[in-house]
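**Q** 3D model of this:
(chains A, B and C)
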Amino acid sequence: MIEFKNISVIYPGGVKALNNVSLNIEKGDFVIIVGMSGAGKSTLLRTINNLVKPTEGEVIVDSRNVTKASKKELKIIRSDIGMIFQTFNLVNRSSVLKNVLTGRLSQVSTLRSIFGLWPKEDKDIAFESLNKVEILEKAYVRGSNLSGGQQQRVGIARALAQKPKVMLADEPVASLDPITSRVVMKYLKQINQELGITTIVNLHFLDLAKEFGERLIGLKDGELVYDGKVNDVSDQDFENIYGRAIKSSDLLGEDD
Amino acid sequence: MIKVPKKPLPSLLTVVGFPFAIALSVFSFFQVGFNLEDFKKNLANRRLVTDTLFNPKWEWAFENAAQALVETIQIAILASILGCFIALPLSFYASKATNQTTATYLIYKSFLNFIRTIPDLFWAMLFTVAVGLGPFAGVLALIMFSMAIMGKLLSETIDSIDLGPLEAAKASGAKHNQAVFTSALPQILPNFTAYFLYIFELCIRASVILGLVGAGGVGRIIETQRIFLRFDRISPIIVLILIAVIAIEQFSVWLRRKIL
Amino acid sequence: MKIPQQPLNQKILKYLITVLIVLGSIWSASGLEITPDRFLSAPGKIWILVSAMFPLDLSQEAIDRIVPKVAESLFIAWAGTVIGAVFSFPISFLAANNTSINTISRLTKQILNIIRAFPELILAFVLLPVTGLGPLTGTLAVGIHSIGTLGKLSSEVIEGIDDGPLESIKSSGGSKLNELFFGVVPQVMPTITSYWLYRFEINLRASAVLGVVGAGGVGAELINQLRFRDFPRAGTVLVVTILMVLIVDAISAAIRRRIIKGREITV
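**A** You can find the predicted model right below:
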């Protein structure tokens, strides 16, 4: 489903974020990427929808070459890829519904969207997505009036509204407390299992990775250092990925 | 079937506000006499203006307007300095944070609000009658102008300062005024400087017009030349003022970088 | 024990500024032949003037002359603000460096700076021969100046947005236009609309004055009454103007607060 072919990314200024990474992800996989800050997790994720353009190599998603796609093709590819962010990225002053509807933008004519004349079909998709993350009743509440966990669920609903084939989650729970984090991860896992959406999640916390992950990818200094089942991972493997012994800050923990 | 929540009704502001705003706009445009015919007729006159406007007579300006320009700048300097420094203590009295006495707070705040309602040129007209024609009236008018703006800006800034240092000072025995002087004043000094430079720039622009009502400065010359449509004499004056204003703006940006 | 001193540059700067201010004041005051005693006698003279205005002239004739003119100032201010808002909005996107190309952004900002620098009265001057005496000239003068100030302020709001939502729209396949309408506009509208209202408050004062050059509004009334020494009537003009400004300011401030705060819909 997703193929990374010798991906290298060098940022202006000389920082080498990714070094010759090659990887295959099958359709329907639930993949968790771990690694230290700056190991290249965010960069790797963003090469999938070309928010970051690789300096070398190509990314193929669903048989389409993302790296070499034209502007038009890129929009089509992106509409099949949903993404959620650490900072939720909701439009604070807009309602939850309006935020979720932005997931349908690629399918609706610009003119109709500006004037708020969303076709019934798209509105229904938006409501269904909200229902899936159990936050339908807050449809008309303003984004900024929600808690962090609720905002992230709206983010997931927005991505779901795209009816995507792939779901990317860039540190989705980094700013959430332990209980809410597990709720969000639960939704992501559920969506992956029920709808068959290929899901890739960047995570910081090792215990969460073990709890929810199936396949684990470890990045260190821009290089792939681990690729295997989460259950096969030993503490030694984790130390390889992080280059040091596990600290308590690497674990989310239970209740606060 | 999922239970979709009801869409909330539009707010009172939107229901009443929007139609009112649009109606007012249409009505206003009629009232100010937007008449396409007249407009086209008068547009033919535009050559009168453009021919002279882009033909500045620099020598004439330097000979006849130099003195008045200097006067304009002097009015702005004196008025902004006096106005802003008078407004400094007034602002502390007009802020709930530093003035606990409600009665005096209301008096000072209302005073500042009142000054703000009268346009600068109105002040100039009044002062020319009270103290006579000439730049003194202009200075007084712009003092009111500066006080009004500095008063509003500064008192709002004081309203939002950190009260911590103030409480700490009082806790260690300082009297109220002492506490304000040592703990509140330093917090707002950077803002005061920024506002002062902004007001100084505004005063220069305002000062140009004072002469129209006889309150000094280059406005008198501009008015006389305007009547004879001598925009070729007016444009160099305007350009010089523009340069002065831009120079001050650059200076204030530089100064702010140094201070902050 | 070495007591730390305030850094030398800061001390020098402070002295420099104080000297500048004192010298500047003295130079200006002497150039204008203004002595302290004039300041002392001024309040007394003002008091004489103010008391000559009371009792106010509230005759039917006065009201008939003054109220329409004051209303005219209101219309000029409103129409001018509308012109300013409508035109400055698209221009501000051109001027903001995150919604526009670098060269266009800098050029637009410069043009806006030049427009802003002209006081409304000067603009009215230039327009008079073309658009004639009357409120239309005032409206255009106020409108053009407002385009300048609102353009600059709006562009600064646009430059200060959070671009996170923009990234999310982009990542879902949205176009640049989508980013603009769904990412930028919702973030900036509350602040920009409140700027429009604030501009209206300021324009009201400017339009009151425009009558001095015959561009409509109540300014001509005031100056005429003062020239003819009809102080009671001049007083009426002032009082009516002040009342109008106070009312408009209060309403506008309330609306602005509500816009910024936004509507509380919680379930």
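
**Q** Thought B:I143 was touching B:D120, still the case?
**A** No. Under the criterion of Cβ atoms under 8 Å, B:D120 makes no contact with B:I143, lying 10.4 Å away. Heads up, the C-betas are built off the backbone N, CA and C, glycines and all.

**Q** SS state for the residue of the stretch 101-250 of chain C found nearest chain A?
**A** Residue nearest to chain A within the stretch 101-250 of chain C: C:G173 (3.3 Å; Cβ to the nearest Cβ). Of the three states, C:G173 takes coil under DSSP: H, G, I helix; E, B strand; the rest coil.

**Q** who's in contact with it?
**A** For C:G173, the contact set (Cβ atoms under 8 Å, 6 or more residues apart in numbering or on different chains) comprises A:L74, A:K75, A:I76, A:I77, A:R78, A:S79, A:D80, A:L105, A:S106, A:Q162.

**Q** Contacts for the strand or helix carrying C:R106, please.
**A** Element membership for C:R106, per DSSP states H and E: helix C:102-117. Helix C:102-117 is contacted by residues B:205, B:241-242, B:245-246, C:91, C:94-97, C:100, C:144-145, C:147-149, C:151-152, C:155 when judged by Cβ under 8 Å, 6+ apart.

**Q** And the residue of the stretch 101-250 of chain C closest to chain A, how far from B:A61?
**A** According to Cβ to Cβ, to the nearest Å, C:G173 and B:A61 sit 60 Å apart.

**Q** now swap in A:K72 and tell me
**A** 58 Å.

**Q** cool, C:I115 as well?
**A** 22 Å.

**Q** the more surrounded of the two?
**A** It is B:A61, of C:I115 and B:A61, that has more neighbours when counted by other Cβ atoms under 10 Å in any protein chain shown, with 24 against 19.

**Q** residues contacting the more buried one?
**A** Shown in contact with B:A61 (Cβ under 8 Å, 6+ apart): B:R233, B:P236, B:I237, B:L240.

**Q** Correct me if wrong: A:I197 contacts A:L168.
**A** No. Counting by Cβ under 8 Å, A:I197 stays clear of A:L168, with 10.4 Å between them.

**Q** Next, show the common contact partners of the two.
**A** Contact criterion Cβ under 8 Å, 6+ apart; residues shared by A:I197 and A:L168: A:G82.

**Q** what are the ranges of the helices in chain C?
**A** Taking DSSP state H as the test, the helices found in chain C are C:8-31, C:36-53, C:60-95, C:102-117, C:120-131, C:135-159, C:164-171, C:176-179, C:185-209, C:219-227, C:231-261.

**Q** out of those helices, deepest packed?
**A** Most buried of the helices of chain C, by mean neighbour count (mean count of other Cβ atoms under 10 Å in any protein chain shown): helix C:135-159, with a mean of 25.

**Q** need the residues of the stretch 51-200 of chain A near chain B, please.
**A** Applying Cβ under 8 Å from any Cβ of the partner chain, one finds that the stretch 51-200 of chain A approaches chain B through A:F127, A:E128, A:N131, A:L136, A:E137, A:K138, A:A139, A:Y140.

**Q** Can you lay out those residues as CSV showing pLDDT and secondary structure?
**A** Output for those, formatted as CSV (pLDDT from 0 to 100; DSSP: H, G, I helix; E, B strand; the rest coil):
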residue, pLDDT, secondary structure
A:F127, 93, helix
A:E128, 92, helix
A:N131, 92, helix
A:L136, 91, helix
A:E137, 89, helix
A:K138, 90, helix
A:A139, 90, coil
A:Y140, 90, coil
